[in-house]
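K.L.:
sequence and predicted model, in that order:
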Amino acid sequence: MTEKKELVYTKPELKLGYGWGHCPGCHHPIVEKLVCEVLEEMDLAGRAVGVAGVGCSFGFFASINIDGANCAHGAAPAVATGIKHALYGKPLVFTIQGDGDCAAIGGGYVLNAAARGEKITIIMVNNANYGTTGGQLAPTTIMGQVTSTTPHGRNAGQGYPIHLPELLVGMQGVAFTARAAPFTPAGYLRAKSYLKTAFQRQLGEAGLTFVELLSACPPNWHMTPLEAIQWMEDKMLPEYPEGIFKDSGGEQ
Amino acid sequence: MPERILVQGNESIGWGAISAGCRHFFGYPITPQNEITDFFARELPEIGGVFVQSESEAASAAMLYGAAAAGVRVITSTSGAGWGLMQEGMSQLANAELPCVIVNMQRGGPGQGTTRHAQMDYLSATRGGGQGGYKTIVLTPASVQECHDLVQLAFHLADKYRNPVVVLGDGILGQMAEPLERSTIEFDPLPEKYWTIRGMGERDAETHNFISCGQGGVIPVLPYTSYGAFLQRLEEKYQAMSADEVRYEIYRIEDARLLMVAYGSTARVCQEAVDMARAEGISTGLLRPISLWPFPTDVIRQKAASGTEFLVVEDSLGQLVDDVRYAVEGKSQVHFLGILDRHLPTDGGMILPNRVLDEIKKVS
């Protein structure tokens, strides 16, 4: 008698076979997986166009079977604006950007896309440092955190962490902002739920939607993946709490 | 009969885009091209098009990147400092091979310089002013009609080569009014845009398209198997442009021992100077490049070899003159008349025909 095997876990169908391409313990692949799952569950893959920024998200849409692009550092919200308007609002358009891409070099693009109320979704992956270039100060680096450009820990002279989901709440063009930490099952489900709401609000033309997702960066934090998760719980979550900060509800 | 209207060069740029079927403009106001931005804001919504005022010229270029990637004809326009801000985006557009049209109605620089006319972006336009040594075809109109016609040609060439195309005008051309006959120019058929990102369902496709402005790393960016293969593709494209897209106009060139080389509004001044010189029995003519890149090197080289001398007239400290000197290879004299030879030292000064005539007499 042969044992009947049941498939209980697999990669999403949208994920192409190029491997995950990130460092051990990085949470970018979790973000890839949850984006794929949300698109599959909402049946939006055929309508979706993604734009990745420069940094650890640069190859995001090379390995996911939806139409996508990468672009100049920080410019993803403007590129997304171009795509959305070129196609008269038809596609679901979202960006994947790191914290440096989104909050530092791209801060102006985010603010102005929000001011215009662009019907796009910005996903910012926050790992509290610059991952691709070797762990420098990011706008999201927390106080006291050691990076290669804050070797004695970030102090007030180097400024304070930026909290985009909270910052964008006051803008009329913004329909939804939230933050989740998808490294626990509960956090993963929260992240999926937030992203689904964000996409729904975009399709309802309610305004710009913004989801921040926390990620570990073990090599640049000089930690093991498990130590990195512990550090996130101890240091990052108090600074960057999970939750929905604004939800305008359905349509504008 | 095409409709005949009296418009400024700036507005003619806009009519050219509409004649070319372009329905998308993203841009940021800057003098002396504001009539272009205003034109699109006024006209595009009337015909089902899209006008978006960007937050900067860097954003304009990024919006073009998105719209071009989605497969539509798209245009922006700028000048001066805005042109500088756009350079990074143009480099990304060139890498990602996205067709679009970028208009620069030149003003005086460097820095904020002046809001008035000049021709000081020649080198940054023809050399790929952003990072990484890309090339774009640069077309330069010398009349209001040509603003309209060259914008249409620019869209055609952008789609033909999957590359941004620059239309390099200047403040005088943008502000002066002349009759314009509006019509759509017929060009050869273009390749299908199989590479666009519009949503797989929208394209009726089973596999995705991916537009990338970089080729490094572990993930292949199809259709290129390597960075080297990508550079090979760019090289072949640039060679094809160089071979096939040289354009220029000659005026009373036949027996000319002295040939002027000038573009844009300055070429109009030189044309008048040619007539004045001819009336006095001086055999001179004008060669007006219409494509600044690729540059009409060969015709200038041939003329130099047969002993023709050159007088380059441009409203700058000397940029176009470098290309003429390169073409001449030291085999003939290259004289220069530039921005310091304007009739006034203020930013309203111009190089006038009588000043050009004086120079013709001096060097003939």
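P.N.:
Cool, the structure landed. Residues are numbered from 1 along each chain as shown, chains lettered A, B, ... in the order given.

K.L.:
the residue of the stretch 51-200 of chain A found nearest chain B: what's it in contact with?
P.N.:
As assessed by Cβ to the nearest Cβ, chain B sits closest to A:G82 within the stretch 51-200 of chain A, at 2.5 Å. Where you see a C-beta, it was placed from the backbone N, CA and C, and this is true even at glycine. Contacts for A:G82 (Cβ atoms under 8 Å, 6 or more residues apart in numbering or on different chains) come out as B:26, B:62-70, B:74.

K.L.:
give me every residue that touches the residue of the stretch 201-350 of chain B found nearest chain A.
P.N.:
Here the stretch 201-350 of chain B gets closest to chain A at one residue, B:G201, 2.7 Å apart by Cβ to the nearest Cβ. B:G201 sits next to A:45-47 when contact means Cβ under 8 Å, 6+ apart.

K.L.:
and those residues near chain B, which?
P.N.:
With the criterion set as Cβ under 8 Å from any Cβ of the partner chain, the members of the contacts of B:G201 near chain B are A:45-47.

K.L.:
where in the chain is pLDDT low?
P.N.:
All of this refers to chain A. Counting by pLDDT under 70, chain A shows low-confidence ranges at A:1, A:18-20, A:251-252.

K.L.:
please go with chain B instead
P.N.:
Across chain B, the ranges flagged by pLDDT under 70 are B:1, B:217-221.

K.L.:
phi and psi next, for the residue of it positioned farthest from its centre.
P.N.:
Using Cα atoms, centre = their mean, the residue of chain B lying farthest from its centre is B:E206. It sits 38.5 Å away. The phi and psi values for B:E206, taken as degrees, to the nearest 10, are phi -100, psi -20.

K.L.:
excluding covalently adjacent residues, which one is nearest to it?
P.N.:
In space, and not counting its chain neighbours, B:E206 is closest to B:M200: 7.1 Å by Cβ to Cβ, 6 or more residues apart in numbering or on different chains.

K.L.:
what's the closest non-adjacent residue to B:L139?
P.N.:
The nearest residue in space to B:L139 (Cβ to Cβ, 6+ apart) is B:L150, at 4.5 Å.

K.L.:
what strand or helix carries the one you found?
P.N.:
Using DSSP states H and E, B:L150 sits within helix B:144-161.

K.L.:
quick one: that helix to chain centroid distance?
P.N.:
How far helix B:144-161 lies from its chain's middle: 9 Å, per Cα atoms, centre = their mean, to the nearest Å.

K.L.:
just the CA coordinates for it, please, in PDB.
P.N.:
Extracted in PDB, the C-alpha atoms of helix B:144-161 (Å, rounded to 0.1, in the frame of the first residue of the first chain):
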ATOM      1  CA  VAL B 144       7.600  77.200 -36.400                       C
ATOM      2  CA  GLN B 145       6.600  74.700 -39.200                       C
ATOM      3  CA  GLU B 146       9.600  72.600 -38.500                       C
ATOM      4  CA  CYS B 147       8.800  72.500 -34.800                       C
ATOM      5  CA  HIS B 148       5.600  70.700 -35.700                       C
ATOM      6  CA  ASP B 149       7.200  68.500 -38.400                       C
ATOM      7  CA  LEU B 150      10.200  67.400 -36.400                       C
ATOM      8  CA  VAL B 151       8.200  66.500 -33.300                       C
ATOM      9  CA  GLN B 152       6.300  64.000 -35.600                       C
ATOM     10  CA  LEU B 153       9.600  62.700 -37.000                       C
ATOM     11  CA  ALA B 154      10.900  62.500 -33.400                       C
ATOM     12  CA  PHE B 155       8.000  60.200 -32.400                       C
ATOM     13  CA  HIS B 156       8.600  58.000 -35.400                       C
ATOM     14  CA  LEU B 157      12.300  57.700 -34.800                       C
ATOM     15  CA  ALA B 158      11.700  57.000 -31.000                       C
ATOM     16  CA  ASP B 159       9.500  54.100 -31.900                       C
ATOM     17  CA  LYS B 160      11.700  52.900 -34.700                       C
ATOM     18  CA  TYR B 161      14.800  52.600 -32.500                       C
END
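
K.L.:
that helix packs against which elements?
P.N.:
Counting contacts by 3 or more Cβ pairs under 8 Å, 6 or more residues apart in numbering or on different chains; DSSP states H and E, helix B:144-161 packs against helix B:9-19, strand B:100-106, strand B:137-139, strand B:164-170, strand B:177-182, helix B:227-244.

K.L.:
okay, the angle between it and strand B:164-170?
P.N.:
Here the directions of helix B:144-161 and strand B:164-170 differ by 160 degrees (axes from the mean of the first three to the mean of the last three Cα atoms, to 10 degrees).

K.L.:
just want the angle from helix B:144-161 to helix B:9-19.
P.N.:
Angle, helix B:144-161 to helix B:9-19, by the same axes, to 10 degrees: 40 degrees.

K.L.:
from one end of stretch A:101-114 to the other, what's the distance?
P.N.:
Terminal residues of stretch A:101-114 lie 16 Å apart, using Cα to Cα, to the nearest Å.

K.L.:
likewise stretch B:243-257?
P.N.:
End-to-end distance for stretch B:243-257: 28 Å, by Cα to Cα.

K.L.:
repeat that for stretch B:45-57.
P.N.:
By Cα to Cα, one end of stretch B:45-57 lies 21 Å from the other end.

K.L.:
neighbouring contacts of that stretch?
P.N.:
With Cβ under 8 Å, 6+ apart, stretch B:45-57 has contacts from A:78, A:81, A:85-86, A:88, A:108-109, A:112, A:116, B:18, B:22-30, B:37, B:40-41, B:43-44, B:60, B:63, B:76, B:78, B:81-83, B:85-86, B:89.

K.L.:
centre of the chain to that stretch, how far?
P.N.:
With Cα atoms, centre = their mean, you get 21 Å for stretch B:45-57.

K.L.:
quick one, helices of the stretch 101-250 of chain A?
P.N.:
Secondary structure of the stretch 101-250 of chain A (DSSP state H, counting those that start in this stretch): helices at A:107-115, A:164-167, A:185-203, A:218-221, A:225-231, A:237-239.

K.L.:
just so I know, which of these lies nearest A:L39?
P.N.:
helix A:185-203 (8.3 Å; Cβ to Cβ).

K.L.:
got the buried residues for that closest one?
P.N.:
Residues of helix A:185-203 classed as buried by neighbour count (16 or more other Cβ atoms under 10 Å in any protein chain shown): A:187-188, A:190-192, A:194-199, A:201-203.

K.L.:
need those residues in TSV with distance to B:E181, can you?
P.N.:
Converted to TSV, the buried residues of helix A:185-203 look like this (distance: Cβ to Cβ, whole Å):
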residue	distance to B:E181
A:G187	65
A:Y188	63
A:R190	62
A:A191	59
A:K192	59
A:Y194	56
A:L195	53
A:K196	55
A:T197	54
A:A198	50
A:F199	49
A:R201	49
A:Q202	45
A:L203	45
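
K.L.:
if we can go back for a sec, so who does the residue nearest to B:L139 touch?
P.N.:
Neighbouring residues of B:L150 by Cβ under 8 Å, 6+ apart: B:16, B:139-141, B:167, B:290.

K.L.:
rerun at 7 Å
P.N.:
By Cβ atoms under 7 Å, 6 or more residues apart in numbering or on different chains, the residues touching B:L150 are B:139, B:141, B:167.

K.L.:
nearest to chain A among those?
P.N.:
Among the contacts of B:L150, and counting by Cβ to the nearest Cβ, the member closest to chain A is B:V167, at 19.6 Å.

K.L.:
what about the closest one, how many neighbours?
P.N.:
For B:V167, the neighbour count with other Cβ atoms under 10 Å in any protein chain shown is 27.

K.L.:
so it makes contact with B:C100?
P.N.:
No - using Cβ atoms under 7 Å, B:V167 makes no contact with B:C100, being 11.3 Å away.

K.L.:
could you name every residue contacting both of the two?
P.N.:
The overlap between the contact sets of B:V167 and B:C100 (Cβ under 7 Å, 6+ apart) is empty.
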